[in-house]
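Engineer: How does the following fold in three dimensions:
(2 chains)
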Amino acid sequence: MAVSFRLQATDQAARAGLLTTPHGPVETPTFMPVGTQATVKGLTPEMVRAAGAQVILGNTYHLALRPGDELIRDLGGLHRFMNWPGPILTDSGGFQVFSLAAQVKVTDRGATFRSHLDGTPLELTPERAVEIQQNLGSDIAMVLDECPSLADATPATVRAAVERTVRWAERCKRHHTRRDQAQFAIVQGGLDLDLRAECARDLVAMDFPGYALGGFSVGEAPEAMHAALPACAALLPEHKPRYLMGVGRPEDLLAGVAAGIDLFDCVMPTRNGRNALAFTAGGPIRLRNARHRRDPAPVESGCPCPCCAGYSRAYLHHLFAADEMLGPTLLSLHNLAFYLRLMREARAAVRGGRFAAWRAGCLARWNGDE
RNA sequence: GGGUAGGUGGCAGAGCGGUCAAUUGCACCAGACUGUAAAUCUGGCCUCCUCGGAGUUCGGGGGUUCGAAUCCCUCCCUACCCA
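Structural biologist: Residues are numbered from 1 along each chain as shown, chains lettered A, B, ... in the order given. Model prediction:
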């Protein structure tokens, strides 16, 4: 059984659809919690599922390094290994080329990492990235791409990254054999629309089952990304899923949905949750701040998540002050519930043809305008 | 009563003539976090103004010195040991 996508409703550029995978359906647009090392940090799969997640991420580089992709394959694949029965998308390690740039050497052949764990060299070629992901057995695999780092982003380096990304995508596609796994391509090009168009054109010609926009939220102003998204999304095939990688804050997700994006992932709800920041309909709040010390109210009133259903801001404040592990767990749970509820409401708004108005209301509440 | 070791910013604890408004940790206050080397990191934390400074600090009081948290005298207090 393969991965398929059906576009079901549109509201201007915004879309609602259904992504079908061997491990279950995914209603889009949606948010995918990040589980880099075969765990959404601090949460059990049951909690992730209860928060409303339909699909989660895993990571090629991290899992190949530890515990090893062959070990996971031998133990029945990533789904069984981590006890997540639903769909999984694995990132290719392309982002680690960017985030671990200090210890990576990139050539046309591939990227050579010095393991951040023990220094052991790891060569990640496009072919190896495919192999690892096939061993992991994810429902959706990503091609290895080169995400140009903002530090040396000149027109020439961005162009070089685009061209290499296209060549690597070709190699990934050729090497990919698993029929029960879809492989998505990644469009690079920074904020240069001509390069984006060129990259998209070449990748679309290769006929991948899904396309991602990479290289956003890597240091540019959020407004610049918001401005570029509609045109970038429009470069992608209408009837295939579109994935905006690594994004982002709630307002970024809504900008993405408005632009016609279907899939999002980001560490923000879980990482910020671990760091005592809660996303709410009234804007973000920092539970470590002294003002919450005696506040009996839940993190977000009206939120049905287990955190808000049973615990006060005062209690969360205490857990973080005492450095208790339940604090990060509860706030990660709430933040995921918030993100996933946001996407659920976005789907309903698109289907109801009232997405723009609904989005404006969300932004107004976050900014404290009402 | 005798002896010894001490009293430093909320706490612990450096410093032992100038480079000390005083290392560091904790606590406290605030901020950051966007395909996770992150349950992490950054900043602030005597008072007053704007950068830069100014003014008061290292148990109390007195003294030596150009200059003292650092040396001397004295008083008070604490811990331990001996009676």
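
Engineer: Contact partners for the closest residue in space to A:V299 that isn't next to it in sequence?
Structural biologist: Among residues not flanking A:V299 along the chain, A:A278 sits closest, at 4.8 Å (CB to CB, 6 or more residues apart in numbering). In short, each C-beta sits where N, CA and C put it, glycine included. Shown in contact with A:A278 (CB atoms under 8 Å, 6 or more residues apart in numbering): A:P284, A:I285, A:R286, A:L287, A:V299, A:E300, A:L316, A:L331, A:H334, A:N335, A:F338.

Engineer: quick one: which of these is nearest to RNA strand B?
Structural biologist: A:R286 (4.5 Å; CB to the nearest atom of the strand).

Engineer: Check the gap between the closest residue to that closest one other than its chain neighbours and A:V3 for me.
Structural biologist: Leaving aside its sequence neighbours, A:R286 sits nearest to A:L277 (CB to CB, 6+ apart; 5.5 Å). Using CB to CB, to the nearest Å, A:L277 is found at 34 Å from A:V3.

Engineer: A:S332 too?
Structural biologist: 28 Å.

Engineer: Look at these two and report which has more neighbours.
Structural biologist: Using other CB atoms under 10 Å, the more surrounded residue of A:S332 and A:V3 is A:S332, with 26 against 22.

Engineer: and the one helix or strand the more buried one maps to, anywhere near RNA strand B?
Structural biologist: Secondary structure from DSSP states H and E places A:S332 in helix A:326-351. Yes: with CB under 7 Å from any atom of the strand as the criterion, RNA strand B is reached by helix A:326-351 at A:P328.

Engineer: same check, this time on stretch A:141-158
Structural biologist: Yes: contact between stretch A:141-158 and RNA strand B, assessed by CB under 7 Å from any atom of the strand, occurs at A:M142, A:D145, A:C147.

Engineer: Now flag whichever of the residues you listed is closest to RNA strand B.
Structural biologist: Closest to RNA strand B, out of all of the residues of stretch A:141-158 next to RNA strand B and judged by CB to the nearest atom of the strand, is A:C147, at 2.6 Å.

Engineer: Wasn't the closest one part of a helix?
Structural biologist: No: with DSSP: H, G, I helix; E, B strand; the rest coil as the criterion, A:C147 is coil rather than part of a helix.

Engineer: Now it: closest residue in space that isn't a chain neighbour?
Structural biologist: A:F98 (4.0 Å).

Engineer: before we move on, the earlier item: where neighbours are concerned, which of the residues of stretch A:141-158 next to RNA strand B has the most?
Structural biologist: Of those, with other CB under 10 Å as the count, A:D145 tops at 33 neighbours.
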